[in-house]
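Novice: need the 3D shape of this:
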Amino acid sequence: MDRFSWANGLLEINETLVIQQRGVKLYDGDDKAKLDTGVVLLSTHRLIWRDVKNHECCIAMPLSQVIFFEEQAAGIGKSAKIVIHLHAAPANKEPGPYQQSKYSYIKLSFKEHGQIEFYRRLTEEMAQKRWENTPVSQPIHTGSGPQAGRTRAVGIVGIERKIEEKRKETDKNISEAFEDLSKLMVKAKEMVELSRSIANKIKDKQGDITEDETIRFKSYLLSMGIANPVTRETHGSGTHYHMQLAKQLGDMLQAPLEERGGMMALTEVYCLVNRARGMELLSPDDLVNACKMFESLKLPLRLRVFDSGVMVVQLQSHSEEEMIASALDNVSDKGSLTAEEFAKLLGLSVLLSKERLLLAEKMGHLCRDDSVEGLRFYPNLF
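Specialist: Numbers count the residues shown, from 1 in each chain. This is a model prediction of the structure:
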């Protein structure tokens, strides 16, 4: 404990707070120090301890005094501790609570836990040794006793200097952010131009390129995004915006719906559409409002809401009778099916598979067994 000196608890210029922890008791070797429980602060340069009740009681020790440290596990009625082994006190050390000590180590006893994170941060600081690269300003002594060894406030000049450094750092961060954003916008424009070029090739050379090439081009478009997404900036807001959005969704979703058996959950549609739109993301409300206009615009899609509240987008040509017949055939072939098993057979999501089975049950073709093993559907033989 004789390595500690009285301090004011304020950080010096070039010194940064790393971590602090409440409820820490100091030990001089194996003996409890004549100090109450307080807060321990680890900075880039010092280990600081401050009394919670009496803020005038504050001591600090340079990290350069530390030789090595180790953890001491908690026991019955004992808190976890960090044992810090120290160099001998220098001859010119400032006054502190202890003039001399028979121990060459101290202990930090953590009454409110937090020792694991504190030990990790202390390990990092001792490895980096930042106090060697950025020395703090030299202390100016102001008396004796608990106030001895305190550093006089840096004054208005020091405050202005810190404000100026903070402003420069903020300006640098903002400049870098806008530089990255500008690069992203340039890249986005290039991608949009490329997608338009591919779209024009598909439109102009529909008869000259093979079906495989067409599919590959369309997959490129989907991965890069919609070439001209409908936005509020280009089509205003309200009904007109939702109408134009519905028309674009009608063109975009036709092929994915056909590949997925004619039906997709609205959540799946939301993810697919926003992936294709790039940075022009849709809100859930706008997507729902646009999907509600499919039928009024006589588009080949419609929004359907199941009894459970699940919303899906499906093709107008999608036959409900075929969907029920498919569910009945698969359940009859297997004897019984759960929604998960049915999903694997058809390659659909579990949510849509369950809705198909529930619909077939509603129409009287299937019956259920709801047990601790889950919901299982059987052919209705009654």
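
Novice: how about the strands in the stretch 51-200 of the chain?
Specialist: Here the stretch 51-200 of the chain has its strands, by DSSP state E, counting those that start in this stretch, at 58-62, 66-72, 80-86, 105-110.

Novice: including mean neighbour count, could those go into a markdown table?
Specialist: The way it works is simple: take the backbone N, C-alpha and C, and place the C-beta from them, glycine included. Shown next, in a markdown table, are the strands of the stretch 51-200 of the chain (neighbours: other C-beta atoms under 10 Å):
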| stretch | mean neighbour count |
| --- | --- |
| strand 58-62 | 23 |
| strand 66-72 | 14 |
| strand 80-86 | 18 |
| strand 105-110 | 22 |
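
Novice: wait, which of those strands is closest to residue 161?
Specialist: Across the strands of the stretch 51-200 of the chain, residue 161 has its closest neighbour in strand 58-62 (22.4 Å, C-beta to C-beta).

Novice: do you know which of the strands of the stretch 51-200 of the chain lies nearest residue 125?
Specialist: Counting by C-beta to C-beta, residue 125 lies closest to strand 66-72 out of the strands of the stretch 51-200 of the chain; the figure is 9.4 Å.

Novice: can I assume residue 27 sits in a helix?
Specialist: No - the assignment for residue 27, made by DSSP: H, G, I helix; E, B strand; the rest coil, is strand rather than a helix.

Novice: who does it form a beta bridge with?
Specialist: Here residue 27 sits in beta bridges with residue 32, residue 107, going by DSSP bridges.

Novice: my read: it touches residue 106, true?
Specialist: Yes - counting by C-beta atoms under 8 Å, residue 27 touches residue 106, with 6.2 Å between them.

Novice: among the strands of the stretch 51-200 of the chain, which is nearest residue 176?
Specialist: Closest to residue 176 of these, according to C-beta to C-beta: strand 58-62, at 34.6 Å.

Novice: send me the closest one as PDB with only the CA atoms.
Specialist: This file holds the C-alpha atoms of strand 58-62, laid out as PDB (Å, rounded to 0.1, in the frame of the first residue of the first chain):
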ATOM      1  CA  CYS A  58      -8.700   9.200  -3.300                       C
ATOM      2  CA  ILE A  59      -5.400   7.400  -4.000                       C
ATOM      3  CA  ALA A  60      -3.600   6.400  -7.100                       C
ATOM      4  CA  MET A  61      -0.600   4.300  -8.200                       C
ATOM      5  CA  PRO A  62       1.200   4.200 -11.600                       C
END
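
Novice: for residue 250, which non-adjacent residue is closest in space?
Specialist: Nearest residue to residue 250, sequence neighbours excluded (C-beta to C-beta, 6 or more residues apart in numbering): residue 299, at 4.0 Å.

Novice: tell me what residue 80 is bridged to.
Specialist: Using DSSP bridges, the beta-bridge partners of residue 80 come out as residue 110.

Novice: what residues does stretch 355-362 touch?
Specialist: Contacts to stretch 355-362, defined as C-beta atoms under 8 Å, 6 or more residues apart in numbering, come from residues 306-308, 310, 312, 320, 323-324, 326-328, 331, 337, 339, 342, 348, 366-368, 377, 380.

Novice: drop anything exposed from those.
Specialist: Neighbour counting by 16 or more other C-beta atoms under 10 Å classes 306, 310, 312, 323-324, 326-328, 331, 337, 339, 342, 348, 366-367, 377 among these as buried.

Novice: tell me the one among those residues nearest to residue 287.
Specialist: Nearest to residue 287 among the buried ones among the contacts of stretch 355-362: residue 312, at 12.7 Å, using C-beta to C-beta.

Novice: so for residue 153, what's the pLDDT?
Specialist: You'll see residue 153 listed with a pLDDT of 44.

Novice: nope, residue 161 is what I was after
Specialist: On pLDDT, residue 161 comes in at 71.

Novice: mind checking how far the nearest residue to it once chain neighbours are set aside is from residue 162?
Specialist: Spatial nearest neighbour of residue 161, excluding adjacent residues (C-beta to C-beta, 6+ apart): residue 13 at 7.5 Å. Noted for residue 13: a distance of 7 Å to residue 162, by C-beta to C-beta, to the nearest Å.

Novice: using JSON lines, lay out the strands of the stretch 51-200 of the chain together with distance to residue 124 and mean pLDDT.
Specialist: JSON lines is the format used below for these (distance: least, C-beta to C-beta, whole Å; pLDDT from 0 to 100):
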{"stretch": "strand 58-62", "distance to residue 124": "17", "mean pLDDT": "89"}
{"stretch": "strand 66-72", "distance to residue 124": "12", "mean pLDDT": "89"}
{"stretch": "strand 80-86", "distance to residue 124": "14", "mean pLDDT": "89"}
{"stretch": "strand 105-110", "distance to residue 124": "17", "mean pLDDT": "89"}
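
Novice: with distance to residue 356 added, can I get the ones you listed in CSV?
Specialist: CSV is the format used below for the strands of the stretch 51-200 of the chain (distance: least, C-beta to C-beta, whole Å):
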stretch, distance to residue 356
strand 58-62, 70
strand 66-72, 58
strand 80-86, 57
strand 105-110, 58
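
Novice: any stretches of the stretch 1-150 of the chain with poor pLDDT?
Specialist: Applying pLDDT under 70 to the stretch 1-150 of the chain flags the ranges 135-150.

Novice: all helices of it, in order?
Specialist: Secondary structure of the stretch 1-150 of the chain, counting by DSSP state H, counting those that start in this stretch: helices at 115-128, 130-133.

Novice: brilliant, that's me finished.
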